[in-house]
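Student: Here you go, sequence then predicted model.
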Amino acid sequence: MDYKEAGVDIEEGYKAVSLIKKHAAKTFDSKVLNGIGSFAALFDISKLKEEGIENPVLVSGADGVGTKIDIAMKLKIYDTIGIDCVAMCVNDILCHGAKPLFFLDYLACGKLNAQIAGLLVKGVSDGCLEAGCSLVGGETAEMPGFYPEGEYDLAGFAVGVVDKNKIIDGSKIEKDDIIIGIESSGLHSNGFSLIRKIIRHFDAEFEGKPIGEILLTPTSIYVKPILALSNVVQIKAMAHITGGGFIENIPRIFSKDFTAVIKKNSYPIPRIFQYIKSFGIDENKMYNTFNMGIGFVLVVSKEDSKKTINFLDSLGFKSYEIGFIKEEKGGICLE
């Protein structure tokens, strides 16, 4: 018996790497010192001083796309789920004001198909280009007998940088500060274990499209508009609305002495969330599972609220004043 007979096709792995290399190369900048294929990636952080970062602090985060990838596999739409993988990581590190520098992915499967792997990583490359970071490496793991044939898993790891005196950590929040919500592109990458229980037929029509395509809409990447906004107003805190929805994520950005008051009727909730709720899901559970149409939240002073909304709107990221900060222990209050 050889390795191929055991279920691992090395030649197919070589094909996958060849396809992946061309997608990764599109994301490189002058700070990337070697290409895909080395034992490790080399990244020149000394060049950060040329970008005005005098006291760099590295900021890192890891995440995956969860069971959303199951829908992608069933619909054979392979080239967008990688965008979700990047978004989940870079939006997290963005919450501390970090600019993403580089990204690594982890792709696991039961039996490797080079074409599918190449398309999955193309999505990762597209996400990196959108986030302004480099795809410097990763791992493709073929694990027969562990994953069934046809199943894939995708996760990633991002490293970014922020100047130490520009770290955003919520410490400057004051009462009456305004909470701004930036609209999501849909469900993003959370709540899909529930979605897959209640929605069984992904080819069913919803708003003129197969509902599966709507569910697979890639997660918004907020890096470029937020970094641009940080040069216009003082951003006091930020939250990426992922697993746990509003209820778990928003209170993470300030001390226990404050409460975020959220006005549920302050923005239009997309119909896909109303449709999901119609299956009998409690409204509080909806806000504790899904982003409910708001993918990213930031806190600014009352004086900067309108300027913030106008600036983000001008970049194509529709935003709303969705609440305010109250000096009271409690975490979050949905009204």
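Tutor: Here it is on my side, so go on.
Student: Now do the helices in the chain.
Tutor: Ranges of helices in the chain, per DSSP state H, are 10-25, 68-75, 81-94, 114-131, 192-198, 211-215, 223-229, 245-249, 271-277, 283-287, 305-314.
Student: Of those, flag the one that's most buried.
Tutor: Burial of the helices of the chain is given as mean neighbour count (mean count of other CB atoms under 10 Å); helix 81-94 ranks first at a mean of 28. Bear in mind the C-beta positions are built from the backbone N, C-alpha and C, glycine included.
Student: What is that helix packed up against?
Tutor: Packing partners of helix 81-94 (3 or more CB pairs under 8 Å, 6 or more residues apart in numbering; DSSP states H and E): strand 56-64, helix 68-75, strand 99-109, helix 114-131, strand 152-163, helix 223-229, strand 237-240.
Student: residue contacts, the closest residue to S185 other than its chain neighbours?
Tutor: Distance criterion CB to CB, 6 or more residues apart in numbering; nearest residue to S185, sequence neighbours excluded, is S220 at 4.5 Å. By CB atoms under 8 Å, 6 or more residues apart in numbering, the contact set of S220 is 87, 91, 182-185, 188, 295-296, 317.
Student: TSV please, covering the helices of the chain and showing distance to S38 and mean pLDDT.
Tutor: Output for the helices of the chain, formatted as TSV (distance: least, CB to CB, whole Å; pLDDT from 0 to 100):
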stretch	distance to S38	mean pLDDT
helix 10-25	12	89
helix 68-75	28	96
helix 81-94	21	98
helix 114-131	17	97
helix 192-198	35	96
helix 211-215	37	96
helix 223-229	26	98
helix 245-249	37	97
helix 271-277	43	96
helix 283-287	45	96
helix 305-314	39	98
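Student: between those helices, which one is nearest to F39?
Tutor: helix 10-25 (13.6 Å; CB to CB).
Student: what's the closest one in contact with?
Tutor: 3-4, 35-37, 112-115, 117-118, 121-122, 124-125, 134-138, 140, 142.
Student: how long is stretch 171-191 end to end?
Tutor: Length of stretch 171-191, first residue to last, CA to CA, to the nearest Å: 30 Å.
Student: again, but for stretch 183-190
Tutor: 15 Å.
Student: swap in stretch 159-174?
Tutor: Start-to-end, stretch 159-174 (CA to CA) is 30 Å.
Student: What residues sit buried inside that stretch?
Tutor: Neighbour counts over stretch 159-174 (16 or more other CB atoms under 10 Å) mark 159-163, 168, 170, 173 as buried.
Student: Stretch 313-330 now?
Tutor: In terms of neighbour count (16+ other CB under 10 Å), stretch 313-330 has its buried residues at 317, 319-325.
Student: State the pair within those residues that is farthest apart.
Tutor: The widest separation within the buried residues of stretch 313-330 (CB to CB) is 21.8 Å, between F317 and I325.
Student: so how far is S30 from the residue nearest to E130 when sequence neighbours are not counted?
Tutor: What sits nearest to E130 in space, not counting adjacent residues and going by CB to CB, 6+ apart, is I221, at 4.8 Å. Distance from I221 to S30, counting by CB to CB, to the nearest Å: 22 Å.
Student: Could you do Q115 as well?
Tutor: Taken as CB to CB, the span from Q115 to S30 is 32 Å.
Student: Same check on L216?
Tutor: Between L216 and S30 the computed distance is 34 Å (CB to CB).
Student: now I69
Tutor: As judged by CB to CB, I69 and S30 stand 33 Å apart.
Student: give the contact list for I81.
Tutor: So I81 contacts 65, 68-69, 72, 120, 123, 154, 216, 218 (CB under 8 Å, 6+ apart).
Student: right, so of the helices of the chain, which gets closest to A204?
Tutor: Proximity to A204, assessed across the helices of the chain by CB to CB, is greatest for helix 211-215 (5.2 Å).
Student: Tabulate the CA atom coordinates of the closest one in CSV.
Tutor: Extracted in CSV, the C-alpha atoms of helix 211-215 (Å, rounded to 0.1, in the frame of the first residue of the first chain):
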residue,chain,number,x,y,z
ILE,A,211,-32.3,31.3,-1.3
GLY,A,212,-29.0,29.4,-1.2
GLU,A,213,-27.3,32.2,-3.2
ILE,A,214,-28.6,34.8,-0.9
LEU,A,215,-27.3,32.8,2.1
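Student: what sits up against that helix?
Tutor: 68, 71, 74-75, 77, 186-187, 192, 195, 199, 201-207, 272.
Student: How far away from the center of its chain is stretch 160-176?
Tutor: 20 Å (CA atoms, centre = their mean, to the nearest Å).
Student: Mind checking the pLDDT average for that stretch?
Tutor: The average pLDDT within stretch 160-176 is 96.
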